[in-house]
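S.K.: from the sequence below, what's the structure:
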Amino acid sequence: MLLPGLLLLLLLLAGTRWLWGQWTLRSLRLPPLAPGFLHFLQPNLPIYLLGLTRKLGPIYRIRLGLQDVVVLNSNKTIEEALIQKWVDFAGRPQMLDGKMDLDLSLGDYSLMWKAHKKLTRSALMLGMRDSMEPLVEQLTQEFCERMRAQAGAPVDIHEEFSLLTCSIICCLTFGDKDSTLVQAIYDCVHDVLGAWNHWSIQILSVIPLLRFLPNPGLWKLKQLQENRDRLVEQQLRRHKDSLVAGQWKDVTDYMLQGVEKQRDGKDAAQLLHEGHVHMSVVDLFIGGTETTAATLSWAVAFLLHHPEIQKRLQEELDLKLGPGSRLLYKDRMQLPLLMATIAEVLRLRPVVPLALPHRATRSSSISGYNIPKDTIIIPNIQGANLDEMVWELPSKFWPDRFLEPGRNPRTPSFGCGARVCLGEPLARLELFVVLARLLQAFSLLPPPDGALPSLQPQPHSGINLLIPPFRVRLQPRNLAPQDQGEKSLTG
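M.R.: Predicted structure coming up:
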């Protein structure tokens, strides 16, 4: 009887709180409310939410359990909230992870969070500035050599991309590309994301009260997170034992030294510590492997459906990257079709179709509607990227739209404002290098049975926009090998 009684009490308290909230909001001009309670259980959720704009407009409210959340479905509303009024909407709601105060992606906005973000960004952009591009190039070349050795046999390209992106993050973060470590981290990331995307966890966003009941899925997620933390702690100990002041070989070394430097003359309560470095490493692996691998996989899938674009890309690469040429990211605008193709893939299949929820840090407004403090805001990135008011034939894969003069609208595919993805520069570098080298070395062909991959995301994808599994043949084009030391695109 104790458990049912406790559940009833929680329901009564939640109901009372909801009624009081509705009473206090009665005088405000709020966004229109979509009828119903189970919106977040719909398949292909971003597209479903975009469909509601036909009746409700680009900004509206939907019920998430007993709480109303505001959904933004256009570039205009997203930019107003996250760029023009970024301070008002830089917060995060309470999540499941117990390390919220240390987490960059899920942590709430604060001075400590800003210092944490600055340290991590500096580690990527300053600490690894000179080594990032050569590393991505080297590992991509090794990847192409492995694919060439398979002699055009069908491969699970998403798994191969996942191992490649995991290797890149491993080298940048831990200075190590040992296959055993890469496989261990790959398995860890795959397991954690799988558990997080399971319905038993996703349902907690809709009915938060269920987190107080026994939940095997939640227990499994916490166990996997503990395994993840042990793996990261082992690497942190190894780095601390070999740390040399003023020197760093990877992101972890840089951040550990950054934590040490800021200790003098500061209140201990405002200091970053090793726990922040730990969670930055977690964010880099969780946010920097499967996301980029998925985008690369979507690009291959679209090009299998559009061999004419693949042919044009290869002609562009052959013209600009003849034998002896070196591929440099600074020369990327000399490959306009490749850059347009990457932009189109990111538009149609953004890394995170529904951005992680934001929280209003104070009362504000969006498009003339009142947004009370602590309101949860969900930017529908994929919906904004398919806005018919901005894009001609928005659902069509058409890279040439980005080649038209003056027709290059921005897309918030990596988020924007204070919460923009810190790994965006690395992800864009990887997309450019991997696709250029892949298309230069191989023709992308369907498997022998001719089956083309589905271009529809898995209906319940969770955080990331998951592509259905498919196989592809990488047929070597037998072009002359590239000498990496001769010259750049600009000669």
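
S.K.: can you show me the strands along this protein?
M.R.: Under the criterion DSSP state E, strands of the chain are mapped to 59-64, 67-72, 154-156, 325-326, 358-359, 364-366, 369-371, 376-379, 442-445, 471-476, 487-488.

S.K.: in its sheet, what does the third one sit against?
M.R.: The strands beside strand 154-156 in its sheet (DSSP bridges) come out as strand 471-476 (antiparallel).

S.K.: what's the closest non-adjacent residue to residue 263?
M.R.: residue 271 (6.2 Å; C-beta to C-beta, 6 or more residues apart in numbering). Every residue, glycine included, has its C-beta placed from N, CA and C.

S.K.: OK, contacts around that neighbour?
M.R.: Going by C-beta atoms under 8 Å, 6 or more residues apart in numbering, residue 271 touches 259, 262-263.

S.K.: just among those, which is most surrounded?
M.R.: Using other C-beta atoms under 10 Å as the neighbour test, the contacts of residue 271 are led by residue 259, with 17 neighbours.

S.K.: and the closest residue to it other than its chain neighbours, how far from residue 247?
M.R.: Taking C-beta to C-beta, 6+ apart, and ignoring the residues beside it in sequence, residue 259 has residue 272 as its nearest neighbour in space, at 5.1 Å. Counting by C-beta to C-beta, to the nearest Å, the gap from residue 272 to residue 247 is 20 Å.

S.K.: count the residues that sit near residue 424.
M.R.: 14.

S.K.: what of residue 178?
M.R.: By other C-beta under 10 Å, neighbour count at residue 178 equals 12.

S.K.: check residue 214 too.
M.R.: By other C-beta under 10 Å, neighbour count at residue 214 equals 8.

S.K.: with residue 192 instead?
M.R.: Using other C-beta under 10 Å: residue 192 sits among 19 other residues.

S.K.: and for residue 89?
M.R.: Going by other C-beta under 10 Å, the residues that sit close to residue 89 add up to 29.

S.K.: swap in the one 3 residues further on?
M.R.: When neighbours are counted by other C-beta under 10 Å, residue 92 registers 20.

S.K.: so where's the stretch 1-150 of the chain uncertain?
M.R.: 1-27, 95-100 (pLDDT under 70).

S.K.: show me where it has helices.
M.R.: For the stretch 1-150 of the chain, applying DSSP state H, counting those that start in this stretch gives helices covering 2-24, 45-51, 53-56, 75-79, 111-122, 129-149.

S.K.: ok, the stretch 351-491 of the chain next?
M.R.: 381-385, 424-441.

S.K.: which residue comes closest to residue 356 once chain neighbours are left out?
M.R.: In space, residue 356 is closest to residue 105, 6.4 Å off (C-beta to C-beta, 6+ apart).

S.K.: same deal with residue 81?
M.R.: residue 89 (4.8 Å).

S.K.: ok, the one you found - contacts?
M.R.: 81-82, 358-361, 364, 371, 377, 417.

S.K.: pick out the most distant pair among these.
M.R.: Within the contacts of residue 89, 371 and 417 form the most distant pair, 15.1 Å apart (C-beta to C-beta).

S.K.: more neighbours, the two?
M.R.: The neighbour comparison of residue 371 against residue 417 (other C-beta under 10 Å) goes to residue 371, with 23 against 19.

S.K.: any chance of the contacts of residue 271 in CSV with distance to residue 391 and pLDDT as columns?
M.R.: Below are the contacts of residue 271 laid out as CSV (distance: C-beta to C-beta, whole Å; pLDDT from 0 to 100):
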residue, distance to residue 391, pLDDT
259, 44, 91
262, 45, 77
263, 50, 70
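
S.K.: would CSV of those with distance to residue 113 be doable?
M.R.: Listed next are those as CSV, based on distance: C-beta to C-beta, whole Å:
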residue, distance to residue 113
259, 15
262, 15
263, 19
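
S.K.: re earlier: the residue nearest to residue 356: neighbouring residues, count only.
M.R.: 18.

S.K.: one step back: return the member of the contacts of residue 271 nearest to residue 307.
M.R.: Looking across the contacts of residue 271 and measuring by C-beta to C-beta, the closest to residue 307 is residue 259, at 50.9 Å.

S.K.: from residue 123, how far out is that closest one?
M.R.: 11 Å.

S.K.: returning to what we had before: isn't the residue nearest to residue 356 right up against residue 357?
M.R.: No: with contact defined as C-beta atoms under 8 Å, residue 105 does not count as touching residue 357 (11.2 Å).

S.K.: give me the neighbour count for residue 104.
M.R.: Residues near residue 104, counting by other C-beta under 10 Å: 20.

S.K.: and for the residue nearest to it when sequence neighbours are not counted, the neighbour number?
M.R.: Distances taken as C-beta to C-beta, 6+ apart put residue 283 closest to residue 104, at 4.9 Å, once the chain neighbours are dropped. Other residues within reach of residue 283, judged by other C-beta under 10 Å, total 21.

S.K.: ditto for the one 4 residues further on
M.R.: Residue 287 is flanked by 22 other residues according to other C-beta under 10 Å.
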